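Visitor: give me coordinates for this.
(2 chains)
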Protein chains: 2
Amino acid sequence: MARYNVPPLENLVEQFEKMPGIGHKTAQRLAYYVLNLSDAQADEFAKAVIDAHTKIHYCSKCCNLTDKDICPVCADVTRDHSVICVVETPRDATAVENTHEFKGVYHVLHGAISPLNDVGPDNLTIKELISRLADDSVKEVIMATNPTVEGDATALYISKLLKPMGVKVTRLAYGIPVGGDLEYADEYTLAKALEGRSEI
Amino acid sequence: MARYNVPPLENLVEQFEKMPGIGHKTAQRLAYYVLNLSDAQADEFAKAVIDAHTKIHYCSKCCNLTDKDICPVCADVTRDHSVICVVETPRDATAVENTHEFKGVYHVLHGAISPLNDVGPDNLTIKELISRLADDSVKEVIMATNPTVEGDATALYISKLLKPMGVKVTRLAYGIPVGGDLEYADEYTLAKALEGRSEI
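Guide: Below you'll find the model as predicted:
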């Protein structure tokens, strides 16, 4: 008996196994969970998968995910459209949004420049970002890419493109995380925190 | 912005969050994974969910999961149909099958008697098990329920029903797991291992 000998079940387990962080045991557990759903619940789940796929696309302004033409942030006239926060992924935009400190708008690159992974500037939404700067209404672009080699390279690349256009380009501060412990901070972070020290 | 403000995405995250062992962060990761699938792959995944639901049902003999009328084990004439191994779940049957030591057939109870969870004998496939013993061809029933209070109670309950029918009822051996460490065995397991000791 190859595993179960129930092809629809094996197929479902395989589907779950392909997901990130899901091993064989977890995939089995999830597949049995799906089997134990009512027919209506299973339909609802399958519909959610298809719906997410057919209804969600990029915002025509900021390239964040949305089910409308323009995402709620870009459509919100009370926000400051002269400040654009550039992030790598939609999740990063959500993270910034959750601080409740940022009242500008976003631009989602959908990745970072990474020659090792065959991701070049053309694979990101850099062209779309530049076209947003055409009408001179944008005053500042905040590079909020990840503090990694790829994120830094992307921030640098974009800032070099934007500076000749006369727009202010800033980068998120590096430093020790709030509530962190100096003892456990790595030397690069600590060096950056020293470098960026401010008067109190 | 409530989380994402993309209802189809939020819905998909919620669907994943309902699954056992899946928290909010993992649900997000899985939802983004689904978003990044190609349309064909997403269709395939949704179809796998629906297929598992519509095609899989109980084997009419052993109540294990199958997409046929009778499961491959019950349909296999080379197996010993006079020995029935009674397990709680289809996964337990797979576990026993994976030992490659058992050549009989199974009976899946789909649970264990548990008054706390409102599971009584009528919620299990005990009636179906008894009807399999009607024609006297069954010589032995091995109770392979879990070594828990519920599993033991279920094994005892069923054995009391079956013994008057003249069928031999056995129970899996309790003991220290192979490769285990005496030091870390709990006292109940060790007591059971002592009790069930055999001559070498």
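Visitor: in chain A, where is pLDDT below threshold?
Guide: Within chain A, the segments meeting pLDDT under 70 span A:1-4.
Visitor: ranges for the helices of it?
Guide: Secondary structure of chain A by DSSP state H: the helices cover A:7-17, A:24-36, A:39-55, A:72-75, A:90-97, A:126-132, A:149-162, A:187-195.
Visitor: can those go into TSV with extra columns for mean neighbour count and distance to chain B?
Guide: (Glycine included, C-beta is placed from N, CA and C.) As requested, these are exported to TSV (neighbours: other Cβ atoms under 10 Å in any protein chain shown; distance: least, Cβ to the nearest Cβ, whole Å):
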stretch	mean neighbour count	distance to chain B
helix A:7-17	20	4
helix A:24-36	18	5
helix A:39-55	18	4
helix A:72-75	18	5
helix A:90-97	20	5
helix A:126-132	16	19
helix A:149-162	18	18
helix A:187-195	12	23
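Visitor: so which of the ones you listed gets nearest B:Asp80?
Guide: helix A:7-17 (25.2 Å; Cβ to Cβ).
Visitor: in terms of secondary structure, what does that closest one contact?
Guide: Applying 3 or more Cβ pairs under 8 Å, 6 or more residues apart in numbering or on different chains; DSSP states H and E, one finds that helix A:7-17 contacts helix A:24-36, helix B:39-55.
Visitor: and that helix, C-alpha only, in PDB?
Guide: The C-alpha trace of helix A:7-17 is given here as PDB (Å, rounded to 0.1, in the frame of the first residue of the first chain):
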ATOM      1  CA  PRO A   7      -5.300   9.100  -5.000                       C
ATOM      2  CA  PRO A   8      -7.500  12.200  -4.200                       C
ATOM      3  CA  LEU A   9      -6.100  12.200  -0.600                       C
ATOM      4  CA  GLU A  10      -2.500  11.700  -1.800                       C
ATOM      5  CA  ASN A  11      -3.000  14.500  -4.300                       C
ATOM      6  CA  LEU A  12      -4.200  16.800  -1.600                       C
ATOM      7  CA  VAL A  13      -1.300  15.900   0.700                       C
ATOM      8  CA  GLU A  14       1.100  16.600  -2.100                       C
ATOM      9  CA  GLN A  15      -0.500  20.000  -2.700                       C
ATOM     10  CA  PHE A  16       0.000  21.000   0.900                       C
ATOM     11  CA  GLU A  17       3.500  19.600   1.000                       C
END
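Visitor: list the contacts of that helix.
Guide: Residues from elsewhere that reach helix A:7-17, judged by Cβ atoms under 8 Å, 6 or more residues apart in numbering or on different chains: A:2-4, A:22-24, A:26-28, A:30-31, A:34-35, B:44-45, B:48-49, B:51-52, B:55-56, B:65, B:67.
Visitor: same check, this time on stretch A:120-128
Guide: Counting contacts by Cβ under 8 Å, 6+ apart, the residues outside stretch A:120-128 that touch it are A:58, A:63, A:107-113, A:154, A:157-158, A:161.
Visitor: closest to A:Val119 among those?
Guide: A:Gly111 (5.3 Å).
Visitor: okay, the contacts of stretch A:120-128 in JSON lines with distance to A:Lys168 next?
Guide: As requested, the contacts of stretch A:120-128 are exported to JSON lines (distance: Cβ to Cβ, whole Å):
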{"residue": "A:Tyr58", "distance to A:Lys168": "26"}
{"residue": "A:Cys63", "distance to A:Lys168": "21"}
{"residue": "A:His107", "distance to A:Lys168": "15"}
{"residue": "A:Val108", "distance to A:Lys168": "20"}
{"residue": "A:Leu109", "distance to A:Lys168": "19"}
{"residue": "A:His110", "distance to A:Lys168": "24"}
{"residue": "A:Gly111", "distance to A:Lys168": "24"}
{"residue": "A:Ala112", "distance to A:Lys168": "21"}
{"residue": "A:Ile113", "distance to A:Lys168": "22"}
{"residue": "A:Thr154", "distance to A:Lys168": "18"}
{"residue": "A:Tyr157", "distance to A:Lys168": "17"}
{"residue": "A:Ile158", "distance to A:Lys168": "13"}
{"residue": "A:Leu161", "distance to A:Lys168": "14"}
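Visitor: ok, now how distant is the closest residue to A:Leu35 other than its chain neighbours from A:Val119?
Guide: If you skip the residues right next to it in sequence, A:Leu35 has B:Ala52 as its closest partner in space, 5.8 Å away by Cβ to Cβ, 6 or more residues apart in numbering or on different chains. Distance of B:Ala52 to A:Val119, computed by Cβ to Cβ, to the nearest Å: 36 Å.
Visitor: identify the residues contacting the residue most central in space within chain A.
Guide: Relative to the mean C-alpha position of chain A, the nearest C-alpha, by Cα atoms, centre = their mean, is the one of A:Thr89, at 1.5 Å. Taking Cβ under 8 Å, 6+ apart as the definition of contact, the neighbours of A:Thr89 are A:Val108, A:Leu109, A:His110, A:Gly111.
Visitor: the residues you listed also near chain B: which ones?
Guide: Contacts with chain B within these, counted by Cβ under 8 Å from any Cβ of the partner chain: none were found.
Visitor: distance to A:Ala185 and neighbour count for those residues - can I get that in CSV?
Guide: Converted to CSV, these look like this (distance: Cβ to Cβ, whole Å; neighbours: other Cβ atoms under 10 Å in any protein chain shown):
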residue, distance to A:Ala185, neighbour count
A:Val108, 29, 25
A:Leu109, 28, 25
A:His110, 30, 18
A:Gly111, 28, 17
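Visitor: closest to chain B among these?
Guide: The nearest member of the contacts of A:Thr89 to chain B, counting by Cβ to the nearest Cβ, is A:His110 at 9.9 Å.
Visitor: so that closest one touches A:Val86, yeah?
Guide: No - under the criterion of Cβ atoms under 8 Å, A:His110 makes no contact with A:Val86, lying 11.3 Å away.
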